[in-house]
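Colleague: Need the 3D shape of this:
(one chain, ligands or ions: 2)
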Amino acid sequence: MTDVQEKRRDEPVRVGVLGARGRMGAEVCKAVAAAGDLELVATIDQGDGLTIASAADVVVDFTTPDVVMDNLRWLIDQGISAVVGTTGFTEQRLEQVRGWLADRPGVGVLIAPNFGIGAVLMMQFAARAARHFESVEIIEQHHPRKLDAPSGTATHTARLIAQARADAGLGPSPDATASEVRGARGADIDGVRVHAVRATGLVAHQEVLFGTAGETLTIRHDSYDRASFMPGVLLAVREVRHRPGLTIGLDPLL
Ligand SMILES: NC(=O)C1=CN([C@@H]2O[C@H](COP(=O)(O)OP(=O)(O)OC[C@H]3O[C@@H](n4cnc5c(N)ncnc54)[C@H](OP(=O)(O)O)[C@@H]3O)[C@@H](O)[C@H]2O)C=CC1
Ligand SMILES: O=C(O)C1=N[C@H](C(=O)O)C[C@H](O)C1
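Modeller: Ligands and ions are numbered 1, 2, ... in the order given. All right, here's what the predicted structure looks like:
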């Protein structure tokens, strides 16, 4: 490493936050401002315009699924690395981001469906358990101001479980339901039933319920406070510039 690179590593990482007045964005601003090795240089919300973000080395995005792609396109074009918690990333969207990054080899983007360390472990445990159980259903529970359903975490968990079941040669979960009220059996994500609950008092919670002959296994995670996401967000902010290209999830950083 050259002296100049060494110096850059010692300097605080300049951080911008998109969605800064939102529930997550406000918490991220507080966490960044309190971290000695990070400097909060831009707080941006709806209507502020993205150009303020050009002062940043890394921008954190907690906005909405309908604006996050435009934000990412702009950041990558400017050569700014990004940490993204916003939901709504389909495989098609991820492929688009990979395409943009191909033209910007020095830029890193990390997109995580959930920055809670416990939630990451819950998803890993669920993926590991999946091959041993005939049945599986996911129940996610969130605060009622959440815009999307099912949650990004539940969708990601369902995909991991579906992949593990396919790898193990398991067929569909047994279900003899003949007629149903629309929605009673939840949403079908890659063959896994996902039930979304919304209630005042909740923050972010998920249960993965597995069943087989004579036993069930429930894997549950609860975020009672948005502080639970901050260690993961800060870890990603510190790491993302050292991981050019697209990183999905926090798993490779743990
Ligand atoms: N990965 C993870 O660990 C987590 C992910 N999330 C996800 O993060 C996202 C945000 O959640 P949450 O903070 O609860 O939502 P909020 O609605 O509280 O915050 C979103 C903020 O983004 C603002 N915004 C909208 N458009 C723009 C824009 N173009 N530029 C800048 N800011 C904009 C909104 O402004 P306005 O209100 O005026 O529209 C609002 O202040 C959701 O997708 C959620 O699912 C949430 C928690 C954890
Ligand atoms: O909107 C939220 O609150 C959350 N969103 C993410 C999701 O959709 O999975 C992460 C966490 O569940 C909180």
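
Colleague: Just give the nearest non-adjacent residue to whatever residue of the stretch 1-150 of the chain ends up closest to ligand 1, would you?
Modeller: Ranked by Cβ to the nearest ligand atom, the top residue of the stretch 1-150 of the chain for proximity to ligand 1 is Gly22, at 2.0 Å. Every residue, glycine included, has its C-beta placed from N, CA and C. Distances taken as Cβ to Cβ, 6 or more residues apart in numbering put Phe62 closest to Gly22, at 5.9 Å, once the chain neighbours are dropped.

Colleague: One more: Arg198?
Modeller: Nearest one to Arg198, counting by Cβ to Cβ, 6+ apart, is Pro144 at 4.4 Å.

Colleague: count of residues packed around the residue nearest to Gly22?
Modeller: 25 (other Cβ atoms under 10 Å).

Colleague: Surely it and Val28 touch.
Modeller: Yes: applying Cβ atoms under 8 Å, one finds Phe62 in contact with Val28, separated by 6.5 Å.

Colleague: if I look at these two, which residues touch both of them?
Modeller: Listed as contacting both Phe62 and Val28 by Cβ atoms under 8 Å, 6 or more residues apart in numbering are Val17.

Colleague: mind listing what's buried in whichever strand or helix holds His195?
Modeller: His195 belongs to strand 192-198 when elements are defined using DSSP states H and E. Of the residues in strand 192-198, Val192, Arg193, Val194, His195, Ala196 count as buried by neighbour count, 16 or more other Cβ atoms under 10 Å.

Colleague: Give me the contacts around the helix or strand harbouring Leu160.
Modeller: Using DSSP H and E, Leu160 falls within helix 152-167. Contact with helix 152-167 is made by 87-89, 113-114, 119, 122-123, 126-128, 130-131, 136, 138, 140, 150, 189-192, 194, 196, 204, 206, 208, 249, as judged by Cβ under 8 Å, 6+ apart.

Colleague: What is the subsequent helix or strand relative to it?
Modeller: That would be, after helix 152-167 and using DSSP H and E, strand 187-189.

Colleague: for that next one, packing partners?
Modeller: Other helices and strands packing on strand 187-189, by 3 or more Cβ pairs under 8 Å, 6 or more residues apart in numbering; DSSP states H and E, are helix 152-167, strand 192-198.

Colleague: Kindly state the beta-bridge partners for the nearest residue to Ile248 once chain neighbours are set aside.
Modeller: Take Ile248 and drop its neighbours on the chain: the residue closest to it by Cβ to Cβ, 6+ apart is Ile111, 5.9 Å away. Per DSSP bridges, residues listed as beta-bridge partners of Ile111: Val84, Ile248.
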